[in-house]
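Participant: build me a structure from this.
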Amino acid sequence: MRIGQFSDTFMPIVDGVGRVVYNYANMLARAGHECYVVAPMHDTGFRGRLPFEIVDYSGMPLVTSPQYKVGIPILDRHYHDRISSVSLDIVHAHSPFIAGQEALRIARQQNIPIVGTFHSKYYDDFYSTTRSEVISSLGVKYVVDFYERCDEVWTVSNASAEVLEDYGYHGSITVMPNGTETKTEPENVTAACTDGKPLLLYVGQIHRKKNIGRILEACALLKRSGYDFSLVLAGQGPDSDGLKNEAALLGISERVTFTGHISDMSILDGLYKAASLFLFPSLYDTAGLVVREAAAMGTPSVAVRGSCAAEVIADGVNGLLCHDDGESLFEAIKRGLDAPEFLAVLGENARKTIPLGWDKVIEKVQLRYLEIISHFDSANAIAMPDDSKFGN
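Facilitator: Sure thing, here's the model as predicted:
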């Protein structure tokens, strides 16, 4: 198959969607398929050893999140010349926005099917930016319209499928979960350790929509209760300064480290391995890829009951659940820190039950792509009568 993966984010950005697209492209190419990633340009340097091709277009940094770039591919002549020479069998859009619209254009131009994956709670994104329910609702209509134009729609969890349906999408949905990279013992565990103190870890955007304030509230209660710990917030985002100020007001600045953007996965793996607990109280995320990554390193997570990230967690079995308030998160963390043997069992159970290898996911993806292409070709054959029947 000749496959196009279209995304508004890609490596070296270490966010969930970028890592998903990388693993799709990497695993599909290694399985013998001709794979292309279409995304905004981030690095014009040497890109050897990749088994897939990157067809990127010029982009400008977003003001609020400079690690991300946005562009208009159709206005990039060099990109347009390159993509015009690429013939595909199927395109897969990982965003309903610029990359998704370009995927739709290519799909219609080449008369091939398009798969769209719903990755994010877009209403929350719109509202956090505009603070307008009207504009946010209009934005959601745009998102739903995009997925209604796709030949097949995927979500990464059952909970995210419910979110898309709540937005007003009424078509069929295929749940295609994200995988986890196969992990070995990371080289950077020693560097990530914190002198024997329990390490509490969060990885992701430093954005209030991720509910990071709850983590700070819980850690303030931990300090007040006499617990010795270190908190690492790994990532970059528009609320870094505000959350640093909040940590200072709560009196925990000396316990909190904001690492900034980390592009080296071996460092992240070291942090995951060194952590006693991974804290992910996000109500925004549709799957929580980072929960799977932490589990792959034997670290259990704390998530909010009913959140998408909590879908893979059984409370007290392979992780811990709390309610959406700082005191409940504090109690869950305390429950783990007070019982090291229990915490070790949680981590081992998390490692055994939560990670899902990308090889298994990509096996399903390949089969589904083939079915979609076959169905699309058959439908086109029925729609287009054979000219020979009319004597041509």
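Participant: which secondary element of the chain has the worst mean pLDDT?
Facilitator: helix 189-192 (a mean of 52; mean pLDDT, DSSP states H and E).
Participant: I'd like the next helix or strand past it.
Facilitator: Per DSSP states H and E, helix 189-192 leads on to strand 199-203 as the next helix or strand towards the C-terminus.
Participant: gap between that next one and the chain center?
Facilitator: 17 Å (CA atoms, centre = their mean, to the nearest Å).
Participant: I would like the residues contacting it, please.
Facilitator: 192-193, 210, 212, 215, 219, 229-235, 268, 271-272, 274-280, 290, 293-294, 299, 333 (CB atoms under 8 Å, 6 or more residues apart in numbering). Just so you know, the C-beta spots here come from the backbone N, C-alpha and C atoms, and that holds for glycine as well.
Participant: which members of those residues occur in helices, if any?
Facilitator: Ala192, Ile212, Ile215, Cys219, Leu268, Leu271, Tyr272, Ala274, Val290, Glu293, Ala294, Ile333 (DSSP state H).
Participant: and the gap between Leu88 and Pro96?
Facilitator: Between Leu88 and Pro96 the computed distance is 19 Å (CB to CB, to the nearest Å).
Participant: I misspoke; the intended subject was His33.
Facilitator: Distance from His33 to Pro96, by CB to CB: 24 Å.
Participant: who has more neighbours, the two?
Facilitator: Each of His33 and Pro96 has its neighbours counted (other CB atoms under 10 Å); Pro96 has more, 26 against 19.
Participant: okay, the more buried one: pLDDT?
Facilitator: For Pro96, the pLDDT comes out at 96.
Participant: and the ones in helices among the contacts of strand 199-203, which two are furthest apart?
Facilitator: Cys219 and Glu293 (21.6 Å; CB to CB).
Participant: do you have the helices of the stretch 1-150 of the chain handy? List them.
Facilitator: All helices of the stretch 1-150 of the chain, identified by DSSP state H, counting those that start in this stretch, fall at 16-30, 77-84, 98-110, 122-130, 133-148.
Participant: turn the ones you listed into TSV, including mean neighbour count and distance to Asp285.
Facilitator: Formatted as TSV, the helices of the stretch 1-150 of the chain follow (neighbours: other CB atoms under 10 Å; distance: least, CB to CB, whole Å):
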stretch	mean neighbour count	distance to Asp285
helix 16-30	21	7
helix 77-84	14	30
helix 98-110	20	19
helix 122-130	17	10
helix 133-148	16	16
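Participant: any chance of TSV for the ones you listed, columns distance to Thr9?
Facilitator: TSV is the format used below for the helices of the stretch 1-150 of the chain (distance: least, CB to CB, whole Å):
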stretch	distance to Thr9
helix 16-30	4
helix 77-84	17
helix 98-110	9
helix 122-130	13
helix 133-148	16
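Participant: mean pLDDT for those: which is lowest?
Facilitator: Here the helices of the stretch 1-150 of the chain differ in mean pLDDT, and the lowest is helix 122-130 at a mean of 86.
Participant: if you rank the ones in helices among the contacts of strand 199-203 by neighbours, which is first?
Facilitator: Ala294 (32 neighbours).
Participant: wait, doesn't that one sit right on Ala303?
Facilitator: No. Checked against CB atoms under 8 Å, the pair Ala294 and Ala303 is beyond contact range at 10.7 Å.
Participant: dig out what Val232 forms beta bridges with.
Facilitator: On the basis of DSSP bridges, Val232 is bridged to Leu201, Thr257.
Participant: measure it to Leu271 for me?
Facilitator: When Val232 is compared with Leu271 (using CB to CB), they lie 6 Å apart.
Participant: and for Gly242?
Facilitator: Taking CB to CB, one finds Gly242 at 23 Å from Leu271.
Participant: Ile83 now?
Facilitator: 38 Å.
Participant: next: Asn111.
Facilitator: Counting by CB to CB, the gap from Asn111 to Leu271 is 46 Å.
Participant: Arg19 too?
Facilitator: 15 Å.
Participant: check Ile90 too.
Facilitator: The value you get for Ile90 to Leu271, if CB to CB is used, is 36 Å.
Participant: same deal with Glu181?
Facilitator: 15 Å.
Participant: same thing with Asp285?
Facilitator: Distance from Asp285 to Leu271, by CB to CB: 18 Å.
Participant: one more: Ala220?
Facilitator: 22 Å.
Participant: ok, Met176 touching Glu363?
Facilitator: No. In this structure, Met176 is not within contact of Glu363 by CB under 8 Å, at 11.4 Å.
Participant: more neighbours: which of the two?
Facilitator: Remark: of Met176 and Glu363, Met176 carries more neighbours, 17 against 13, as counted by other CB under 10 Å.
Participant: which non-adjacent residue is nearest the more buried one?
Facilitator: Once flanking residues are discounted, Met176 sits nearest to Trp154: 4.4 Å by CB to CB, 6 or more residues apart in numbering.
Participant: A helix includes the one you found, no?
Facilitator: No. Checked against DSSP: H, G, I helix; E, B strand; the rest coil, Trp154 lies outside a helix; its state is strand.
Participant: in the chain, spot the helix with the most residues.
Facilitator: helix 358-383.
Participant: that one packs against which elements?
Facilitator: Here helix 358-383 is seen to pack against helix 16-30, strand 90-93 when contacts are counted using 3 or more CB pairs under 8 Å, 6 or more residues apart in numbering; DSSP states H and E.
Participant: try 10 Å
Facilitator: strand 2-6, helix 16-30, strand 90-93, strand 114-118, strand 152-155, strand 174-175 (3 or more CB pairs under 10 Å, 6 or more residues apart in numbering; DSSP states H and E).
Participant: what about the first one, average pLDDT?
Facilitator: Throughout strand 2-6, pLDDT has a mean value of 98.
Participant: look up how far Met176 lies from Trp157.
Facilitator: For the record, residue 157 is Ser, not Trp. From Ser157 to Met176 the distance is 10 Å (CB to CB).
Participant: can you give me the strands for the stretch 201-350 of the chain?
Facilitator: 230-234, 256-260, 277-280, 301-304, 320-322 (DSSP state E, counting those that start in this stretch).
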